[in-house]
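Visitor: Pasting the sequence and the predicted coordinates here, then a few questions.
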Amino acid sequence: MLRALIGLGLVGVLIAACTFAPTSLPTSIPSPALERSVSPNAPVPPTPTLPTRPLDLATKPFPAPSGGQGPYFHQVYSATSKDGLIWTHDNQMLIDHASVPAVIVTPDNKIRIYYVDASQTPETTNCAESSDGGKSFKVLNCTIANRAGEKAVDPSIVRLPDGRYRLYYYASAANPGAPGAHSIYSAISNDGIQFTNEQKVFERDGLVDPDVFWTGTEWLMYVFSSNENRTIIARSRDGLSFEYVGLLHLQNWGTVAPIKLDDGRFRLYAFSQSGERSVASFVSTDARQWTQEPGTRLIARQGESITDPFVVRLNDGTWKMFFKIERRDTPRSAPQPPGTPGAPRGSPPPPLTPGARPTFTPGERACLPEKKSIGIADPNGPAFHQVLIAKSSDGLIWQSDNRVIIDQASVPEGVRLSDGRWMIYAVDGTLSGLGLVYAESKDNGKTWTCGKINVPGADPDVVILPDGKLRLYFVEFPFGPNPPPPGSAQSNQPNRVKSAISSDGKNFTIEDGARLEGIQYTDPDVIRVGNDWLMYISTGAIAWAAQSSDGLNFKSIGKVNETGAVSGSFVFPNGTIRHYFCGRAGIMSATSDGKTAWKEESGARLALNPAWKIVCDPSILSDGKGGYWMVYKIQPK
């Protein structure tokens, strides 16, 4: 996609640069009833039966281009949301050797993607369709009769009020980055598969990536100008002849066609052209002047870029985002057949930096063990849990790239040290020895090294003391790692919250005595508010508060929450105390003055993914740059 890669000067990159895709907003004739992306009731002629081909094109005898860049090395992925704001990466490759996706929902609720198909030569527009909500796609072999140019790339698709489909495309020469005038054409179709070229609709030097949509009063085209290095706006009354309006004011953001909201506003999803690592959203009443919404919608997975985030809504209210990724950690110099070790067939990239496998000293353990060893034989225990990280700019809207930091670990606690290191402590679920495992990063979370610490407990929580040392609170169970039978003498013995001190984050000295004791007490969560130390402790789904003046001797205050517990609390710069805790819908949040009942906030901060059994144990910390990290655990199904 050129709007992302402008300036690299590579022909293959310039081809890839086409990444604007239009929404499935209707019309060639103004029609207020059709202002949303698709009209499910509009008549559409039956689709003829056509031969199809598989989406896994790795074995096709088409030689991989040299250089490792361009649409051949792109893939289309998706994300899902319930509200259009909090998104979860689906972690499933949908189409290989594909770029610049534009999406429409058909009247029968099928999802159709139009994209640059680089599995053929020359690369040109193709389309694929899903009838299972976007889980899998079948290629439809789209064609454009009498197409203009050697290639028809950067597709944009809309559905007209009469049921026909109009496709806009950049009519490219052999070199899509050639200087001079670039022309945008339209093609028309009854079925959205077999198109016939219509006419040139807009022309200007250096145009790529058109996105066309209906506002309710006129057609607008967002199209990137490589000459001006900006997205420009053009308008039309009939969708066939566009005139230049001016520059879109969103500089350094790569745009696609917006989606119309139920309240009449538009929402635009755009990717950051600075690094191509994140997707944000903007709202507008006129589709020209945009205001950015707080938070980040989606963050690229480790080692990948993310661009061209095209969003549609399904009939059941689900939001789907389809986007292009390009791997930057492991260049794909040639096709890889299915089953080849390391072949990118929908699985996430390696969480650790590529290269030689790290070695571990006798006191350490791997972050991601090659072979699982079960420390505690509980099918819902730490041996089956994973530790991940989510990020947020405001503490309310969180986004995770679903990268596993520590496998077979649970109840994580994160802390950022003054020397720039990041540490995560968690309960170790492997046979490397019961107790706590640590993960350490010296490059802001890009790579992690794991090991064991000398604390024989569970449920870690860390506070940085005024002298820079760490105090780690943990739970000591009277019965060891295996819970006793209910009603036994051991089951009535109190758990003890203890603490240990460290100067380096790895070697701890256990402090004398217990900080707090109680039957079934688990998961201590300690914060400092002024001169007070506050500890939140859990008994099942109930959270309790305790108070201390020195961080060593705590006295119970009382019950503070009954809708969820196992919390991670954080004091924000404005003084807000927010408690993140495990609830039925996922990780929830509440606010309080620290000592009284929590006031739950609406919505989930991190919703329970259908692919997970649980998501729990949040730990919140500042990233030092005005944003926040949440370390948490999941158990995959």
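Guide: Thanks, I have the structure now. As the structure is a prediction and not an experimental result, all values here were calculated from the model.
Visitor: what are the C-alpha coordinates of the helix or strand where Lys320 lies, in PDB please?
Guide: Secondary structure from DSSP states H and E places Lys320 in strand 319-327. What follows is strand 319-327 as a C-alpha-only set of coordinates in PDB (Å, rounded to 0.1, in the frame of the first residue of the first chain):
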ATOM      1  CA  TRP A 319     -18.300  -5.800  13.900                       C
ATOM      2  CA  LYS A 320     -15.600  -7.300  11.700                       C
ATOM      3  CA  MET A 321     -12.400  -5.600  10.700                       C
ATOM      4  CA  PHE A 322     -10.400  -7.000   7.800                       C
ATOM      5  CA  PHE A 323      -6.900  -5.800   7.300                       C
ATOM      6  CA  LYS A 324      -3.600  -6.500   5.600                       C
ATOM      7  CA  ILE A 325      -0.500  -7.600   7.500                       C
ATOM      8  CA  GLU A 326       3.100  -7.900   6.400                       C
ATOM      9  CA  ARG A 327       5.600  -9.800   8.500                       C
END
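Visitor: Tell me which helix or strand comes right after that strand.
Guide: With secondary structure assigned by DSSP H and E, strand 319-327 is succeeded by strand 386-392.
Visitor: ok, back up a step: in its sheet, what does the strand holding Lys320 sit against?
Guide: Strand 319-327 has these partner strands in its sheet, going by DSSP bridges: strand 74-81 (antiparallel), strand 304-313 (antiparallel).
Visitor: and Gly381, which of the ones you listed is closest to it?
Guide: Gly381 sits nearest to strand 74-81 of all those, at 28.6 Å, using CB to CB. All C-beta spots, glycine's among them, are computed from the backbone N, C-alpha and C.
Visitor: Please pull up the helix or strand immediately following the closest one.
Guide: Beyond strand 74-81 in the direction of the C-terminus, DSSP H and E gives the next helix or strand as strand 87-89.
Visitor: could you say what helices and strands the very next helix or strand once past that following strand packs with?
Guide: Toward the C-terminal end, the helix or strand that comes next after strand 87-89 (DSSP H and E) is strand 95-96. Using 3 or more CB pairs under 8 Å, 6 or more residues apart in numbering; DSSP states H and E, the elements in contact with strand 95-96 are strand 74-81.
Visitor: at 10 Å instead, please
Guide: Where contact means 3 or more CB pairs under 10 Å, 6 or more residues apart in numbering; DSSP states H and E, strand 95-96 is packed against strand 74-81, strand 111-117.
Visitor: what mean pLDDT does stretch 578-591 have?
Guide: What stretch 578-591 shows for mean pLDDT is 96.
Visitor: now it: how far from the chain's centre is it?
Guide: Distance of stretch 578-591 from the chain centroid (CA atoms, centre = their mean, to the nearest Å) equals 20 Å.
Visitor: With stretch 127-143 instead?
Guide: The gap between where stretch 127-143 is centred and where its chain is centred comes out at 23 Å by CA atoms, centre = their mean.
Visitor: before we move on, back to that, single out the most deeply packed of the helices and strands packed on strand 95-96.
Guide: strand 111-117 (a mean of 28; mean count of other CB atoms under 10 Å).
Visitor: That strand: what's the following helix or strand?
Guide: Criterion used, DSSP H and E; the element after strand 111-117 is strand 124-130.
Visitor: Going C-terminal from that following strand, what's the next secondary structure element?
Guide: With secondary structure assigned by DSSP H and E, strand 124-130 is succeeded by strand 138-139.
Visitor: what pairs with that following strand, and is each one parallel or antiparallel?
Guide: Applying DSSP bridges to the sheet, strand 138-139 is found paired with strand 124-130 (antiparallel).
Visitor: List the residues that contact Gly239.
Guide: Contacts for Gly239 were tallied using CB atoms under 10 Å, 6 or more residues apart in numbering; they are 27-29, 158, 160, 166, 168, 186, 198, 201, 212, 214, 218-219, 221.
Visitor: Pull the most distant pair out of the residues you listed.
Guide: Glu198 and Glu218 (18.7 Å).
Visitor: The two: who's more crowded?
Guide: In this view Glu198 and Glu218 are compared by other CB atoms under 10 Å, and Glu198 has more residues nearby, 18 against 14.
Visitor: which SSE is the more buried one in?
Guide: Assigning secondary structure by DSSP H and E places Glu198 in strand 194-205.
Visitor: buried sites along that strand?
Guide: Residues of strand 194-205 classed as buried: Gln194, Phe195, Asn197, Glu198, Val201, Phe202, Arg204 (neighbour count, 16 or more other CB atoms under 10 Å).
Visitor: Skipping adjacent residues, who's closest to the residue most central in space within the chain in space?
Guide: For the chain, the residue sitting closest to the mean C-alpha position, by CA atoms, centre = their mean, is Leu298 at 3.9 Å. Ranked by CB to CB, 6 or more residues apart in numbering and with sequence neighbours excluded, the top spatial neighbour of Leu298 is Val279, at 4.2 Å.
Visitor: what sits against the one you found?
Guide: By CB under 10 Å, 6+ apart, the contact list for Val279 reads 79, 87, 253-254, 269-272, 296-300, 306-309, 311, 321, 323, 399.
Visitor: change it to 8 Å
Guide: 87, 269-272, 296-299, 306, 309, 321, 323 (CB atoms under 8 Å, 6 or more residues apart in numbering).
Visitor: Tell me the one of these nearest Leu368?
Guide: Among the contacts of Val279, and counting by CB to CB, the member closest to Leu368 is Ile299, at 20.1 Å.
Visitor: Let me see the ranges of the strands in the stretch 351-500 of the chain.
Guide: Counting by DSSP state E, counting those that start in this stretch, residue ranges of the strands within the stretch 351-500 of the chain are 386-392, 399-400, 406-407, 409-416, 422-428, 436-441, 449-453, 458-464, 470-476, 495-502.
Visitor: before we move on, back to that, as a whole number, average confidence for the strand holding Lys320?
Guide: For strand 319-327, mean pLDDT is 94.
Visitor: Next, the angle from it to strand 111-117.
Guide: For strand 319-327 against strand 111-117, the angle by axes from the mean of the first three to the mean of the last three CA atoms, to 10 degrees is 20 degrees.
Visitor: re the thing from before, do I have it right that the residue nearest to the centre of the chain meets Thr307?
Guide: No - with contacts counted by CB atoms under 8 Å, Leu298 stays clear of Thr307, the gap being 11.0 Å.
Visitor: what do these two both touch?
Guide: Contact with both Leu298 and Thr307 is made by residues Phe323, according to CB under 8 Å, 6+ apart.
Visitor: Let me see the ranges of the strands in the stretch 151-300 of the chain.
Guide: Defined through DSSP E, counting those that start in this stretch, the strands belonging to the stretch 151-300 of the chain, from first to last, are 151-159, 165-172, 181-189, 194-205, 207-214, 219-225, 230-236, 243-247, 253-255, 259-260, 266-272, 278-284, 291-292, 298-299.
Visitor: Counting by contacts, list what the second one packs against.
Guide: Of the remaining helices and strands, those touching strand 165-172 by 3+ CB pairs under 8 Å, 6+ apart are strand 151-159, strand 181-189, strand 194-205, strand 207-214.
Visitor: coming back round to it: would you turn the strands of the stretch 151-300 of the chain into JSON lines with distance to Asp108 and mean pLDDT?
Guide: Putting these into JSON lines (distance: least, CB to CB, whole Å; pLDDT from 0 to 100) gives the following:
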{"stretch": "strand 151-159", "distance to Asp108": "12", "mean pLDDT": "96"}
{"stretch": "strand 165-172", "distance to Asp108": "14", "mean pLDDT": "96"}
{"stretch": "strand 181-189", "distance to Asp108": "16", "mean pLDDT": "97"}
{"stretch": "strand 194-205", "distance to Asp108": "18", "mean pLDDT": "97"}
{"stretch": "strand 207-214", "distance to Asp108": "21", "mean pLDDT": "96"}
{"stretch": "strand 219-225", "distance to Asp108": "25", "mean pLDDT": "96"}
{"stretch": "strand 230-236", "distance to Asp108": "29", "mean pLDDT": "96"}
{"stretch": "strand 243-247", "distance to Asp108": "35", "mean pLDDT": "96"}
{"stretch": "strand 253-255", "distance to Asp108": "29", "mean pLDDT": "94"}
{"stretch": "strand 259-260", "distance to Asp108": "20", "mean pLDDT": "96"}
{"stretch": "strand 266-272", "distance to Asp108": "25", "mean pLDDT": "95"}
{"stretch": "strand 278-284", "distance to Asp108": "28", "mean pLDDT": "94"}
{"stretch": "strand 291-292", "distance to Asp108": "35", "mean pLDDT": "93"}
{"stretch": "strand 298-299", "distance to Asp108": "28", "mean pLDDT": "88"}
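Visitor: With that, I have no additional questions.
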